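Colleague: Give me a model of this one.
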Amino acid sequence: MSASPATPRGGKITDIASLRGRFPALAQRVHGKPLAYLDNAASSQCPDVVLDAMLEQQRLNHANVHRGVHALSERATEAYEGAREKIRAWLNAAGTDEIVFTRGTTESINLVASSLGGSVLREGDEVLISHMEHHSNIIPWQLVCERTGARLVPSPITDRGEIDLDAFERLLTERTRIVAVAHVSNALGTVNPLRRIIDLAHAAGAYVLVDGAQAMAHLHPDVAALDCDFYAFSGHKMFAPTGIGVLYGKRALLDRMPPYQGGGEMILSVSFDGTTYNAPPYKFEAGTPNITGAVSLGAAVDFLAAVDFDALAAHEHALLEYATERVAALPGARIIGTAEHKASVLSFVLDRVHAHDVGTIVDSEGVAIRTGHHCAMPVMERFGVPATARASFALYNNRDDVDRLMVGLERALEIFT
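Modeller: Numbers count the residues shown, from 1 in each chain. This is a model prediction of the structure:
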């Protein structure tokens, strides 16, 4: 394990560049060249402390949680519920009963759409989302609207890739029951003005779900300050493994919502005459949970909690600006998404070079980027492109990664122009 970097400011790590050595995957070579990993919006790499937590849980504490009285089960339960408390504290939620473990953002949104949406939506009601949403924040609402007779209403975005707040406010009516919006766009990098959106929605009497998948590795959301009703995110985009995520929900709402799935753990008593459900969060955690995933997510939260987020923001902002300037200077390049406030996503197209060809060529240089519609086909339609190439950054990236990307892009231009 690498030595921890110095933490001179209030016990927080300010030397962001020093964190790169904590990620073993970054030391490998791809196609004979050092890896430049720029696909963090899809999945980020895991630091040593998360990998250690995964291994320890599986090697020493592998047992089911909550009902066992033997030592391994008690240790597993302590670690699992300890992770829930770490996440509660990180989000500034009121209690651990507001932290539901799920498989990820997608399941979290499906849970709210099915349970809350199925309970409150009626024919003629509306669910308001933005035009920049990931498919996971579109399709669950389409499904529940089909079942209930409600209508899904997309709010437009500007040419810069920002929510048109005037249009959003006009679309909020007495029929709007739920607003669902991304904190950060996965396809554009736009950081949305959440507090303004939430205040407008609440004034109209609507509940608000925030898709926080792209925010957790770059921002530090405070659900109490935001006053959102629900906040969903995935572990694998914030340095934890896949298959684990969280739904934050206000306790009063979780109390009223029916279970999303049935089975073990979500009950207090069962008979053939009926079932008494458990209290939140367990009411929404049917079956054996992803215990190792939750423990690993807790370790990822510990890792992020040690980082100075002002230094992190400065590091990532400088890197995004550098990459944007370099890519924009290429002949025939167009940046897709030029919002004033952006997180570490750079989407672009090159004239006469399809995005998939771009991805293949830069991969041959050892550079990992994402190409395609990024599960945001309405965004692609809005900007009139079939796909984009997307470089997305994390705290461990640096200018050398960007320079390596440029070598690949220049090679693509040589081949196709």
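Colleague: Residue 15: neighbour count?
Modeller: 14 (other CB atoms under 10 Å). In this view, the C-beta of every residue, glycine as well, is placed from N, C-alpha and C.
Colleague: Equivalent analysis for residue 366, please.
Modeller: Residue 366: 19 neighbours (other CB under 10 Å).
Colleague: Next: residue 377.
Modeller: 15.
Colleague: ok, for it, nearest residue in space, not its chain neighbours?
Modeller: Nearest residue to residue 377, sequence neighbours excluded (CB to CB, 6 or more residues apart in numbering): residue 135, at 7.2 Å.
Colleague: which residues does the one you found contact?
Modeller: Residue 135 sits next to 375, 376, 377 when contact means CB atoms under 8 Å, 6 or more residues apart in numbering.
Colleague: out of the residues you listed, who's nearest residue 102?
Modeller: Nearest to residue 102 among the contacts of residue 135: residue 375, at 17.7 Å, using CB to CB.
Colleague: thinking again about what came up before, distance-wise, check the residue nearest to residue 377 relative to residue 373.
Modeller: Residue 135 is 9 Å from residue 373, where distance means CB to CB, to the nearest Å.
Colleague: Just the ones of the contacts of residue 135 in helices?
Modeller: Judged by DSSP state H, helices contain the following of the contacts of residue 135: residue 377.
Colleague: could the contacts of residue 135 be laid out in JSON lines, adding pLDDT and distance to residue 80?
Modeller: Shown next, in JSON lines, are those (pLDDT from 0 to 100; distance: CB to CB, whole Å):
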{"residue": "375", "pLDDT": "96", "distance to residue 80": "30"}
{"residue": "376", "pLDDT": "97", "distance to residue 80": "33"}
{"residue": "377", "pLDDT": "96", "distance to residue 80": "37"}
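Colleague: what residues are up against residue 333?
Modeller: Residue 333 makes contact with 327, 348, 349, 350, 351, according to CB under 8 Å, 6+ apart.
Colleague: what's the burial count for the second one?
Modeller: Residues lying near residue 348 (other CB under 10 Å) number 23.
Colleague: repeat for the fourth one
Modeller: Around residue 350 sit 22 other residues, with neighbours defined as other CB under 10 Å.
Colleague: Contacts only, for it.
Modeller: Counting by CB under 8 Å, 6+ apart, residue 350 has contacts 330, 332, 333, 358, 389, 409, 412, 413.
Colleague: hang on, the earlier thing: look up the pLDDT of the residue nearest to residue 377 for me, please.
Modeller: pLDDT, residue 135: 98.
Colleague: Begin at 53 from now on, thanks
Modeller: I'll keep to 53 as the first residue from here, and by that count the last item is residue 187.
Colleague: now the helices for the stretch 53-202 of the chain?
Modeller: Remark: helices assigned in the stretch 53-202 of the chain by DSSP state H, counting those that start in this stretch are 100-112, 123-143, 157-164, 170-172, 191-200.
Colleague: Which of those helices sits closest to residue 333?
Modeller: For the helices of the stretch 53-202 of the chain, the distance to residue 333 is smallest for helix 123-143, at 7.6 Å, taking CB to CB.
Colleague: now the angle between helix 100-112 and the closest one, please.
Modeller: In terms of direction (axes from the mean of the first three to the mean of the last three CA atoms, to 10 degrees), helix 123-143 departs from helix 100-112 by 160 degrees.
Colleague: Flag every buried residue along helix 123-143.
Modeller: Using 16 or more other CB atoms under 10 Å as the test for burial, helix 123-143 gives 125, 127-129, 131-133, 135-136, 138-140, 142-143.
Colleague: now do stretch 248-268
Modeller: Neighbour-count burial for stretch 248-268 flags 249-250, 252-253, 256, 258-268 (criterion: 16+ other CB under 10 Å).
Colleague: Farthest pair within those?
Modeller: 256 and 268, at 27.5 Å, using CB to CB across the buried residues of stretch 248-268.
Colleague: and of the buried residues of stretch 248-268, the nearest to residue 191?
Modeller: Of all the buried residues of stretch 248-268, residue 191 sits closest to residue 263, with 12.5 Å by CB to CB.
Colleague: Tell me the spacing between that closest one and residue 271.
Modeller: From residue 263 over to residue 271 (counting by CB to CB), the distance is 13 Å.
Colleague: Touching both of these two, which residues are there?
Modeller: residue 235.
Colleague: still on that earlier bit, helices - which of the buried residues of stretch 248-268 land there?
Modeller: Checking the buried residues of stretch 248-268 against DSSP H, those in helices are 249, 250, 252, 253.
Colleague: any chance of these in TSV, with pLDDT and distance to residue 330 too?
Modeller: Listed next are those as TSV, based on pLDDT from 0 to 100; distance: CB to CB, whole Å:
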residue	pLDDT	distance to residue 330
249	98	33
250	98	29
252	98	35
253	98	30
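Colleague: Pick the one among those closest to residue 340.
Modeller: Nearest to residue 340 among these, with distances taken as CB to CB, is residue 250, at 34.8 Å.
Colleague: Could you dump the buried residues of helix 123-143 into a markdown table with distance to residue 177 added?
Modeller: A markdown table is the format used below for the buried residues of helix 123-143 (distance: CB to CB, whole Å):
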| residue | distance to residue 177 |
| --- | --- |
| 125 | 45 |
| 127 | 47 |
| 128 | 42 |
| 129 | 41 |
| 131 | 42 |
| 132 | 37 |
| 133 | 37 |
| 135 | 36 |
| 136 | 33 |
| 138 | 37 |
| 139 | 32 |
| 140 | 32 |
| 142 | 34 |
| 143 | 29 |
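Colleague: Show me which of those residues is closest to residue 286.
Modeller: residue 139 (12.4 Å).
Colleague: Quick check: that closest one vs residue 125, distance?
Modeller: Distance, residue 139 to residue 125, by CB to CB: 21 Å.
Colleague: got it, and residue 373?
Modeller: Counting by CB to CB - residue 373 and residue 125 are separated by 50 Å.
Colleague: could you pull out the strands for the stretch 303-452 of the chain?
Modeller: 319-323, 326-329, 385-387, 397-402, 419-420, 422-424, 440-444 (DSSP state E, counting those that start in this stretch).
Colleague: Any idea which of the ones you listed gets closest to residue 159?
Modeller: strand 326-329 (18.7 Å).
Colleague: Just the buried residues of that closest one, please?
Modeller: For strand 326-329, by 16+ other CB under 10 Å, it's residue 329.
Colleague: so residue 227 sits right up against residue 178, yeah?
Modeller: Yes: contact criterion CB atoms under 8 Å: residue 227 and residue 178 qualify, at 4.6 Å.
Colleague: Overlap of the contact sets of those two?
Modeller: Residues touching both residue 227 and residue 178 (CB under 8 Å, 6+ apart) are residue 203.
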